[in-house]
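S.K.: Kindly return the folded structure for what I paste below:
(2 chains)
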Amino acid sequence: MDFVSGSYLFFLAIGLIVFYSTPKKWQQYVLLLFSVLFYCLFSVKLFIVMLCSVVISYFGAILLQNKKGAKSKYIFVFSISSLLLLLFVLKLSQSTSILNQKLGLSRLSILVPIGISFYTLQMVAYLIDVKRGTCDCIRNPFTYLLYITYFPQILQGPIPRVNQLTPQLKEGHTFQYEQFVGGFELLLWGYFQKMVIADRANIIVNRLFGEYENYTGMYMILAAFLYSIQLYTDFNGCVCIAKGSSEMFGIKLAENFQHPYFATSIQDFWRRWHISLSSFLKDYVYIPLGGNRKGIRKKYRNILLTFALSGIWHGMGVHYMIWGLLHGLYQVVGALCMPIRDYLVKVFHVNRNTFSHALYQRVVTFILVALAWVFFRASSVYQAISMIKSMVTTFNPWILWDGSLHLLGLTPKNVTLLFVSILVLWIVSFMQERMNIREEFQKQGIVFRYFVLLLTTIVILVFGLYGPGYDATAFIYGGF
Amino acid sequence: MKKRVVFIRLLSFAILFVLLFYLTTEVLKDKRVVLEYDVTSKVKGFYAEPDKSLDFVFIGSSQLYADIAPNVLFSEYGMTSYDFCANEQPLWISYYYIKEALKHQKPKAIVMDVFTVYGDDYEKNGVTHINLDDLPWNLNKINAIKNAVRPKDRMEFYFELVRYHDTWESLDAHKIRNTFYHKNNPYKGYSPFVVAHTYEDTAKEEVVHQTLKTPIPDRAKLWLDKIVALTKEEGVDLIFIKTPNGNAKRQMLYNSVDEYAKEKNIPFLNMNVIFDGEAHINVLQAEKVTRYLGSYLKDLYDITDKRKDPAFASWIEDSQYFYHKKDKCQLLSINEPNEYFTYLKDVDATKMIAVKWDQSHPLSEKAIQYLKILGLDEKQFLTLQYPEGKPFVYLVMMDGENNVILELKGSDLAMTETNECISNGSKDKSIYNIFQLAYDLNAEKKQTCLFMDGDNYSLDQMGINVFVYDSFLQEIIEFFYLDAENQFALTRE
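M.R.: Numbering: from 1, shown residues only, chains lettered A, B, ... in the order given. Purely as a prediction, here's the structure:
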């Protein structure tokens, strides 16, 4: 069941009615029932594959809590390696299967559970936390199964921490009007990003990346720009739908994005982009590797290793690894060049507290991130390098206004709508940087709020890409 | 917050949303109200008819609405009827059309064309949309969707915005103006095809001698049974007909229908073996077919003649649409100038004529004779002086009764380059067409101009250039010329 479908909204509505009609102590079982049903509607077989990981991590955690010393080490290593091995084998077999299909070789019937990368990280973090003693193991198997399968976040996160989510799942919830409406607002904002912006941008992005040999210069810059927007609105759209759905049940999920394209540096970007993954990598990879505590060289090594791992987590291709390494390199090079940058600032009397300097930092950060996204989206390293080379060797800015944009798969009106929608996104994000827009909105009168909500709903229903003749693209992050 | 307040707030939001959703859907939905085969005007027109006012309701596909003209049945037999049909309508939708018809009308009989008895599978979604979109929301429509659409596609029928939201790009004043379209259809569901496939001379022979039978598919048979049961239950007669379509292969199926009809004791008038014809016949052919059907129905039923009933006065005016279309169709089918002008003389239409000749292309006796048919006197223009070095020109505009209401000739041409007239011949008084006659002395081409609403319809050839416009229909009938270089032969471009 896709988030962008009438059936999901129907499922959610029924879930909410049953949830709030059930006594509090049984509510977690209602959520579990709906979560299992949600996953099984994709595939019962995939659910069974997921159960294997659940069983390993569930018993692993209980044993870890009970046993201490060398035995616990073995249990820990066994559980973690089993989970990672399962993830690795299934991901590798998926890549091999795609490769085989491309080469016309025999096709393997591979079962790769939806959201496997997300729930594997969730389980690994849980086992580490139990081992460290920062949380207790969950003894109720149903609660644990719900913690893993909780349907709003199973597809694309945010990756929850056990101490943050489990208490909310276990406790009962009474219907809270403001929270319910707030959740609905977030849900709408998610659908707007996904259906109006991401899916529309996807058409041009697919054309430019798919036929990159036929396009040069500004087309490639446009491809990088639009893919950056598409990826953000697609992923954040899905997360907003997940968070919004969850808030309607009275359960708050962790923040996953903080307007990442307003970041003023790459470090800042990773504090704003896919926060649940970044914090996982920081807490469970970077810091255990030594972080910045063991000298500058090891700090740089740790950064590169952490980001290389992030790349591998996203996919098995070399280009994913390069994407991860690029982000690591940006930071290492940035740190190495810091004395030069400080010197230049001193020589030219640059005031780092001005708007223009912040703007410069934001633009440079965005360009660096967008260039890295080219590696992420391209099907090979060669393609990514060709595209980036073309950006700097061909000068053709006139394609932006001579009607060439209308030949990339979208009609002129749709191109205009896409850029107007991106402008709306920018304005909202800009306001969010300065205020809590949701709180401000909730302070407004009901007539205004209803008007905005109804208008947004109709805008999504009219301008969203869905319906016959168009298959809403699967959420990009669902494949990871 | 109190539960009651929360409930009222959520409920009011839900109600507002449903209303807005419905309004948006209605605005963006396709409005099929312009062309002959557009179904919205037919279906909505049916609901605009007063309840219990129809003697017969015709059910079927385009093969019915292109062939049976209720205007003719009214004008010639005084019976009221309506073509409550839609394109390629399968029997499982016809069933619900009959149910809808019987909710509003108490006809003597449901007359159903059996063209779609071939159906054994779902129709294409586009066709099903055309059939179902304009029905009002009720249980019949919901059941029709259930039976006519594959389960995976039903969402776009229950929530039509799913199908039509993409049309925001083509949203225009016409579409917005026709939201909640609910107008009388003067043709009573009939589609007046002016240009249609010609008769195939051999078709009838092949059809008549076709004795083979193709079994009716199971799904079609099931719905035929349901239709028979429904009409029986409702106490209304059912008559099967087949309009002429000249298809010998399909006749094999109609032979099976004949057998079925005999078994169920249902009259079956198979006009496929009586008339030549093709899928969609034109107005002239439809008049003949309808006349035949009218005579058949008159023999079966004792119908009160409603032509003099004041309650049906609007039907007389509505019939004018058919006969104006018939004139148009007739004119377009004539190629001989004498015959053409003789017919045109009696046609209620605005006629604009530009006569153009010179020393090398003189007006022949024959050409002058054609103009005389319309009541024009050659003395009016042949003896006048014309600008030196320019061809001789005479421009005239005549109304439906052949009164000359505007003309440019002789010295007028030197003095005035344009002259205009506002026609008030339109039925809709809010719409006027501006006609202009002009002689452009400076133009290299198109020196004679027959303007309507700014567009020039003069072909500006040596000879007689003609433009005919029907103000009642608000349609151009045609423009052509009688070629001075080719013995004034009627030439259409």
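
S.K.: From now on I want contacts and neighbour counts done on CA atoms only, so please keep to that.
M.R.: Noted.

S.K.: What residues does the stretch 301-450 of chain A have near chain B?
M.R.: A:413, A:450 (C-alpha under 8 Å from any C-alpha of the partner chain).

S.K.: how does it look with 10 Å?
M.R.: For the stretch 301-450 of chain A, the residues in contact with chain B (C-alpha under 10 Å from any C-alpha of the partner chain) are A:411, A:412, A:413, A:414, A:446, A:450.

S.K.: Got the phi and psi for the residue of the stretch 151-300 of chain A found nearest chain B?
M.R.: Per C-alpha to the nearest C-alpha, residue A:177 is where the stretch 151-300 of chain A lies closest to chain B, at 6.6 Å. Dihedral pair for residue A:177: phi -60, psi -50, per degrees, to the nearest 10.

S.K.: So which bits of chain B are right by chain A?
M.R.: Residues of chain B lying near chain A by C-alpha under 10 Å from any C-alpha: B:1-3, B:5-7, B:9-10, B:12-14, B:16-17, B:20-21, B:24-25, B:28, B:125, B:153, B:155-156, B:160-170.

S.K.: measure residue B:114 to chain A for me?
M.R.: Distance, residue B:114 to chain A, using C-alpha to the nearest C-alpha, to the nearest Å: 31 Å.

S.K.: tell me the contacts of the residue lying closest to that residue once chain neighbours are set aside?
M.R.: Of all residues not flanking residue B:114 in the chain, residue B:242 sits nearest, at 5.8 Å (C-alpha to C-alpha, 6 or more residues apart in numbering or on different chains). Residue B:242 makes contacts with B:60, B:63-64, B:111-115, B:251, B:254, B:257, B:268-273, as judged by C-alpha atoms under 10 Å, 6 or more residues apart in numbering or on different chains.

S.K.: try residue A:71
M.R.: Applying C-alpha under 10 Å, 6+ apart, the residues near residue A:71 are A:63, A:64, A:77.

S.K.: quick one: secondary structure of residue B:241?
M.R.: strand (DSSP: H, G, I helix; E, B strand; the rest coil).

S.K.: List the beta-bridge partners for it.
M.R.: Beta-bridge partners of residue B:241, counted by DSSP bridges, are residue B:113, residue B:269.

S.K.: Could you check how many residues crowd around residue B:118?
M.R.: 20 (other C-alpha atoms under 10 Å in any protein chain shown).

S.K.: Would you check that residue B:125 makes contact with residue B:148?
M.R.: Yes: counting by C-alpha atoms under 10 Å, residue B:148 is a contact partner of residue B:125 at 9.0 Å.

S.K.: Which strand or helix spans residue B:245?
M.R.: Assessed by DSSP states H and E, residue B:245 sits outside every helix and strand.

S.K.: For chain A, see how far away it is.
M.R.: Using C-alpha to the nearest C-alpha, we find residue B:245 at a distance of 34 Å from chain A.

S.K.: That residue against residue B:62, yeah?
M.R.: No: Residue B:245 lies out of contact with residue B:62 (C-alpha under 10 Å); the separation is 11.2 Å.

S.K.: Now do the SS call for the residue lying closest to residue B:26 once chain neighbours are set aside.
M.R.: Distances taken as C-alpha to C-alpha, 6+ apart put residue B:179 closest to residue B:26, at 5.8 Å, once the chain neighbours are dropped. Here residue B:179 is recorded as coil under three-state DSSP.

S.K.: The residue of the stretch 201-350 of chain B found nearest chain A and residue B:292: what is the separation?
M.R.: Across the stretch 201-350 of chain B, the shortest distance to chain A (C-alpha to the nearest C-alpha) belongs to residue B:219, at 26.3 Å. Counting by C-alpha to C-alpha, to the nearest Å, the gap from residue B:219 to residue B:292 is 31 Å.

S.K.: Residue A:262 too?
M.R.: From residue A:262 across to residue B:292, the span is 78 Å (C-alpha to C-alpha).

S.K.: So between these two, which is more surrounded?
M.R.: Neighbour totals were compared for residue A:262 and residue B:292, and residue A:262 leads with 21 against 17 (other C-alpha under 10 Å).

S.K.: ok, that one - contacts?
M.R.: Residue A:262 touches A:268-269, A:272, A:358-359, A:361-363, A:365-366, A:426, A:429-430, A:433, counting by C-alpha under 10 Å, 6+ apart.

S.K.: do that again at 7 Å, thanks
M.R.: residue A:362 (C-alpha atoms under 7 Å, 6 or more residues apart in numbering or on different chains).

S.K.: just to revisit the earlier point, now list the buried members of the contacts of residue A:71.
M.R.: Buried members of the contacts of residue A:71, counted by 16 or more other C-alpha atoms under 10 Å in any protein chain shown: A:63, A:64.

S.K.: Secondary structure, pLDDT and distance to chain B for the contacts of residue A:71 - can I get that in a markdown table?
M.R.: What follows is the contacts of residue A:71, written out as a markdown table (DSSP: H, G, I helix; E, B strand; the rest coil; pLDDT from 0 to 100; distance: C-alpha to the nearest C-alpha, whole Å):
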| residue | secondary structure | pLDDT | distance to chain B |
| --- | --- | --- | --- |
| A:63 | helix | 90 | 47 |
| A:64 | helix | 88 | 46 |
| A:77 | helix | 90 | 47 |
